[in-house]
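> Pasting a predicted model and its sequence here:
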Amino acid sequence: MKLEMMSLSLIVPYETNAKKHPKYQIQQIKESIETFGNNDPIAIDEKNVIIEGHGRYLALKELAYDQVPVIRLKHLSKEQKRAYVLAHNKITLNTGFDIDLLKQELTDIMDIDMSQFGFSVNLIASPLKGEKDTPMEGEFEESEPIAQGSLYQLGKHRFNVW
């Protein structure tokens, strides 16, 4: 696999990509790129159509990137490309986090605001101490999405979103 740099303007979104990329997710991807760098190439076919990386494409476009890293997936048939677009997105949704390990990781990296990437740090990283730690009405913006892999506390109960 060869990494190439390409003008973002030459990349073509796959018109029937079934994966949704709402504004809050694009914002999270933008913040990830700004915090950690653009570390993931966009996978394209021989016609520069995106096979994998639609969210990154949209975020990079909003960030006004000109040149972006790409990899060309020339070995896939037309049907395999379509299947890979779906499989790539679905496979990441098939599992969640090991909550104990996630809590430890979030505790150890408290200098980086992980809430900008969809983690509910206050609810995951702190031990349960009772009602006083339970979020009160109005503490969350109404538009805040419930994120997959998040741990929430409701009274004495905790629930994971998988």
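On my side now, so go ahead. These numbers were taken from a predicted model, which means no experiment stands behind them.

> Now do the buried residues in stretch 94-113.
Judged by neighbour count using 16 or more other CB atoms under 10 Å, the buried positions of stretch 94-113 are Phe97, Leu102, Lys103, Leu106. Glycine gets a C-beta too; all of them are placed from N, C-alpha and C.

> can you confirm the first one is in a strand?
Pointing back at Phe97 there. No - under DSSP: H, G, I helix; E, B strand; the rest coil, Phe97 sits outside any strand and is assigned coil.

> Can you tell me how far it is from Ser32?
Applying CB to CB, to the nearest Å, the value for Phe97 to Ser32 is 17 Å.

> Give me the domain ranges for this structure.
Using automatic domain parsing, the domain ranges for the chain come out as 3-91, 99-160.

> most tightly surrounded among those?
Across these, averaging neighbours per residue (mean count of other CB atoms under 10 Å) puts domain 3-91 on top, at a mean of 15.

> For the domains of the chain, give me a markdown table that also has mean pLDDT.
Putting the domains of the chain into a markdown table (pLDDT from 0 to 100) gives the following:
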| stretch | mean pLDDT |
| --- | --- |
| domain 3-91 | 96 |
| domain 99-160 | 66 |
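
> can you give me the strands for the chain?
In the chain, the strands defined using DSSP state E lie at 3-7, 42-44, 50-52, 67-72, 151-154, 157-160.

> Could you export the ones you listed as CSV, including distance to Phe36?
As requested, those are exported to CSV (distance: least, CB to CB, whole Å):
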stretch, distance to Phe36
strand 3-7, 18
strand 42-44, 16
strand 50-52, 19
strand 67-72, 14
strand 151-154, 23
strand 157-160, 25
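
> Which among the ones you listed is found nearest to Lys81?
strand 50-52 (5.5 Å; CB to CB).
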